[in-house]
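In: turn this into a model:
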Amino acid sequence: MADSRILTLWSDQGFTLYLLQEDSGGYSFEFTKVNNEQGSTMVIAAWVQEKLKSPENISVFPTNDYDQGLSIDIIWNSDHFVFRDTINSNEGFQSSTVVLQTKFFISIVYVIWSLGLLLVGEGILDNLHIFNSTSLKCLGYITLQQNSKDSLCFDRHTATLWCLVQKYDDLTKSRTTHLNCYRLPEFQLFSSSPMPRGFSNYHFVRLKENPGEKKQITSPTFTVTVLCLNELVPNYQLLHFVGPKKPYYKQKFQDLNSLLRQIVQLPRNN
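Out: Coordinates of the predicted model:
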């Protein structure tokens with residue numbers, strides 16, 4: 001499948017889940033399996049979701065059961081709704097249900113499947129609402145520094161959610177960006193650290209495997225890396241956090257090429 005309109009959402013052990021863009025502009029899913037003996041590809045399930053408009057928000061969660069086969073839950077959103085599609089390697093497409101409905105227009109969905117949490121972005125106000133996916137109870141909300149998944153990072157080893165949030169100071173009438181760390185699933189604030197001033201944007205990024213730098217970044221409890229951007233100067237910094245208090249290692253870059261040798265890619269909105 002080499003069509004540019006086809007995106008591979010998930011693939012393992014001969015099974016593949018594709019997202020296809022229709023000529024009409026809508027989207028459809030296709031779940032396939034490669035027949036090892038014949039070398040052919042069998043379509044297990046194919047279905048259209050005309051309401052799907054934000055493919056970047058799709059999350060895929062596979063579960064492999066010896067008796068019932070491979071099951072996959074697909075979480076996606078449209079307008080005021082979060083949907084859950086379920087497919088199975090033995091039965092094909094099973095269901096498509098609404099798991100959450102909100103009063104606001106949903107801009108982003110960040111799913112923490114292991115803890116049963118749905119993080120839902122409110123586009124206009126940059127608010128991120130945290131819902132328990134079972135009870136649908138809202139545990140609270142925070143205001144992100146920008147409405148993007150690049151402002152969120154979940155660490156499964158410590159069950160902590162790291163967020164780049166925006167705070168307003170009534171005294172100075174100014175806004176500042178802080179790195180907040182929350183304990184999950186209670187959604188309790190563990191710490192809040194101000195980001196350095198003089199930058200226009202802050203994002204979580206992933207590091208490349210660089211042998212020259214691994215000697216300096218060796219902590220087994222390393223959690224997140226924050227990119228501080230000011231493209232007008234230009235000025236770039238990477239802050240590597242081993243815990244929620246202070247960066248234990250800081251890197252400065254004066255040009256973009258040097259920065260790109262360290263990180264996997266620039267954030268989507270840059």
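In: distance-wise, check the nearest residue to residue 179 once chain neighbours are set aside relative to residue 263.
Out: Distances taken as C-beta to C-beta, 6 or more residues apart in numbering put residue 193 closest to residue 179, at 4.7 Å, once the chain neighbours are dropped. To be clear about C-beta, it is placed using only N, CA and C from the backbone, and glycine gets the same treatment. Going from residue 193 to residue 263 by C-beta to C-beta, to the nearest Å gives 21 Å.
In: cool, and residue 50?
Out: Distance from residue 50 to residue 263, counting by C-beta to C-beta: 37 Å.
In: rewinding a little: tally of neighbours for the residue nearest to residue 179?
Out: One way to gauge burial is a neighbour count; for residue 193, by other C-beta atoms under 10 Å, it gives 15.
In: is it correct that it is in contact with residue 167?
Out: No: taking C-beta atoms under 8 Å as the definition, residue 193 is not a contact partner of residue 167, at 11.4 Å.
In: identify the contacts common to the two.
Out: Contact criterion C-beta atoms under 8 Å, 6 or more residues apart in numbering; residues bridging residue 193 and residue 167 by contacting each: residue 178.
In: do you know how far the residue nearest to residue 179 is from residue 255?
Out: As defined by C-beta to C-beta, residue 193 lies at a distance of 27 Å from residue 255.
In: just residue 72 next, same as before
Out: Distance check for residue 72 against residue 255: by C-beta to C-beta, it reads 43 Å.
In: which one of these two is surrounded by more residues?
Out: Regarding residue 72 and residue 255, a neighbour count based on other C-beta under 10 Å identifies residue 72 as having more, with 22 against 9.
In: just to confirm, which helix or strand has the more buried one in it?
Out: Applying DSSP states H and E as the criterion places residue 72 in strand 69-78.
In: just the C-alphas of that strand, formatted as PDB.
Out: Once non-C-alpha atoms are left out, strand 69-78 reads as follows in PDB (Å, rounded to 0.1, in the frame of the first residue of the first chain):
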ATOM      1  CA  GLY A  69      -7.900 -13.300  19.400                       C
ATOM      2  CA  LEU A  70      -6.500  -9.800  18.900                       C
ATOM      3  CA  SER A  71      -8.800  -6.900  19.900                       C
ATOM      4  CA  ILE A  72      -8.100  -3.300  19.100                       C
ATOM      5  CA  ASP A  73      -9.700  -0.200  20.500                       C
ATOM      6  CA  ILE A  74      -9.400   3.000  18.500                       C
ATOM      7  CA  ILE A  75     -10.100   6.300  20.200                       C
ATOM      8  CA  TRP A  76     -10.900   9.400  18.000                       C
ATOM      9  CA  ASN A  77     -12.900  12.600  18.300                       C
ATOM     10  CA  SER A  78     -15.200  14.800  16.300                       C
END
